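Trainee: Fold the following.
(one chain, ligands or ions: 2)
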Amino acid sequence: MDVETALRQMPKAELHLHLEGAVDAATFASLAAKHSLELPPHDEVADLYQYDSLADFLLIYSLVCRSIQEEADFRRVTYECLERCANSGARYVELFFSPESHFEMGVEYPTMLAGVLGGMADIKADRGLESNLIPAINRELGPARAVEFVEMVAAHPHPQIIGVGLDFNEIGFPSEDYVDAYRAAAAHGLHRTSHAGEVGPADNVRAAIELLDCERIDHGYHVVDDPDLVARCAESQIAFTVCPTTTGYTTIWRDLSAPDHAIRQMDAAGLKLMVNSDDPGMFVCDLANEYVRLHREMGLSLSTLKEMALNGIDAAWIDDTTKVSWRREWSAEIDALFASVNGG
Ligand code: ADE
Ligand code: ZN
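Mentor: Ligands and ions are numbered 1, 2, ... in the order given. Just a heads-up that it's a prediction; the model follows:
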């Protein structure tokens, strides 16, 4: 078996995946046409999927969000997103989605939930893929709205809505501003993660851990600028959900083979990393290939990649009994896959 096939079949978790960023150009074109959405000038819709910064990406991301309006749209994009995860060897997914960006088009929160939870049920029935949902706070709407958002999430409880995230652009929206929202999330029994240190400073990573009480950190790359914080994170083994492909477009680390790439530095420092695809439709990547890129371009060994896959279980918001049995099962499966690579 070749390495690519083994890495594709390797059981894995996906914990940093944005539903709307998973929408591919063809589906975006079809939904935009369905809702007569006005788009910027372009030849092919795929041409719109070109950006060189987080801010540029988020403009198009918001347009994609505007194209998803009806329950059936949410169900479709959720199914397509999770089907690709299953094809990448994912056994468990925690999926972000961006309710605020759909409110702009007048979509009601229960409509979104019906579609997304419906798509999650469909893929579970068809492919056995387990998933849970994380509504994400749009930090660009400010701290007061963040508190209201958390209260809205808490007012619509569901066993598969398990926590909150914090995304969009860190610049101008420091993590420390969201203490009240995260305190409310904790009080409602919601798990907590946050984008931090993607384009913003290490202080955002520190604040996400110390002030927001996050259980894991999304991206976190700028932690490498603060050696004391790196040491603390190595000691606590808080998990970082890193996303190799999107670093090449949204961060200052554009080359996965560079010796100073943040993910390489984080791994070398003993931080607990797990691998994710972030926005696979909009950056034309997939989860399995994220591992392949870390192997081929960053030169990470198969044993490191196995450890990262298993870190996904530790970082997941699932019960401890499931963690123990998945760790045992996945570990044995991965060993058998990698043995067949080595064997030829
Ligand atoms: N929303 C979707 N992808 C994101 C990213 N990489 N950073 C911030 N917000 C996002
Ligand atoms: Zn993200």
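
Trainee: Quick one: name the residues of this protein near ligand 1.
Mentor: 18, 21, 54, 61, 167, 168, 195, 198, 246, 250, 278, 279 (C-beta under 6 Å from any ligand atom). To be clear about C-beta, it is placed using only N, CA and C from the backbone, and glycine gets the same treatment.

Trainee: On the strand side of things, show who the residue of the stretch 1-150 of the chain found nearest ligand 1 bridges to.
Mentor: Closest contact between the stretch 1-150 of the chain and ligand 1, by C-beta to the nearest ligand atom, is at residue 18 (4.1 Å). Beta-bridge pairing of residue 18 under DSSP bridges involves residue 96.

Trainee: My guess is it contacts residue 101. True?
Mentor: No - the criterion here is C-beta atoms under 8 Å, and residue 18 misses it with residue 101 at 10.4 Å.

Trainee: how about residue 80, what does it touch?
Mentor: 22, 23, 24, 27 (C-beta atoms under 8 Å, 6 or more residues apart in numbering).

Trainee: Let's have those residues in CSV, adding distance to residue 330.
Mentor: What follows is those, written out as CSV (distance: C-beta to C-beta, whole Å):
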residue, distance to residue 330
22, 23
23, 29
24, 28
27, 31
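
Trainee: one step back: identify the contacts common to residue 18 and residue 101.
Mentor: Residues within reach of residue 18 and of residue 101 at once, by C-beta under 8 Å, 6+ apart, are residue 61.

Trainee: in the stretch 201-344 of the chain, which ranges drop under the pLDDT threshold?
Mentor: 343-344 (pLDDT under 70).

Trainee: How many neighbouring residues does the closest residue to ligand 1 within the stretch 51-200 of the chain have?
Mentor: Ligand 1 sits closest to residue 167 of the stretch 51-200 of the chain, with a gap of 3.6 Å, by C-beta to the nearest ligand atom. For residue 167, the count of nearby residues is 24 (other C-beta atoms under 10 Å).

Trainee: bridging residues for it?
Mentor: Beta-bridge partners of residue 167, as defined by DSSP bridges: residue 138.

Trainee: for it, what are its contacts?
Mentor: Neighbours of residue 167 in contact, by C-beta under 8 Å, 6+ apart: 18, 96, 98, 136, 137, 138, 139, 195, 218.

Trainee: Mind doing that once more with 10 Å?
Mentor: Shown in contact with residue 167 (C-beta atoms under 10 Å, 6 or more residues apart in numbering): 16, 18, 21, 58, 61, 96, 98, 134, 136-140, 193-195, 198, 218-219.

Trainee: Verify the contact between residue 202 and residue 210 for me.
Mentor: No - counting by C-beta atoms under 10 Å, residue 202 does not reach residue 210; the two are 12.0 Å apart.

Trainee: Compare neighbour counts for the two and give me the winner.
Mentor: Using other C-beta under 10 Å, the more surrounded residue of residue 202 and residue 210 is residue 202, with 20 against 13.

Trainee: now the more buried one, nearest residue through space, not along the chain?
Mentor: Excluding the flanking residues, the one nearest residue 202 by C-beta to C-beta, 6 or more residues apart in numbering is residue 226, at 3.7 Å.

Trainee: Helices along the stretch 201-344 of the chain, start to end?
Mentor: According to DSSP state H, counting those that start in this stretch, the stretch 201-344 of the chain carries its helices in the segments 202-210, 227-236, 244-250, 262-268, 287-296, 302-315, 320-342.

Trainee: of these, which approaches residue 71 most closely?
Mentor: Residue 71 lies closest to helix 287-296 among these, at 26.4 Å (C-beta to C-beta).

Trainee: gap between the closest one and the chain center?
Mentor: 16 Å (C-alpha atoms, centre = their mean, to the nearest Å).

Trainee: which other helices and strands contact that helix?
Mentor: helix 3-9, strand 12-18, helix 71-87, strand 90-97, helix 244-250, helix 262-268, strand 272-275, helix 302-315 (3 or more C-beta pairs under 10 Å, 6 or more residues apart in numbering; DSSP states H and E).

Trainee: about what we covered before: using PyMOL, define a selection of the buried residues within the contacts of residue 167.
Mentor: To isolate the buried subset of the contacts of residue 167 in PyMOL, counting by 16 or more other C-beta atoms under 10 Å, use the following:
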select buried, resi 16+18+21+58+61+96+98+134+136+137+138+139+193+194+195+198+218+219
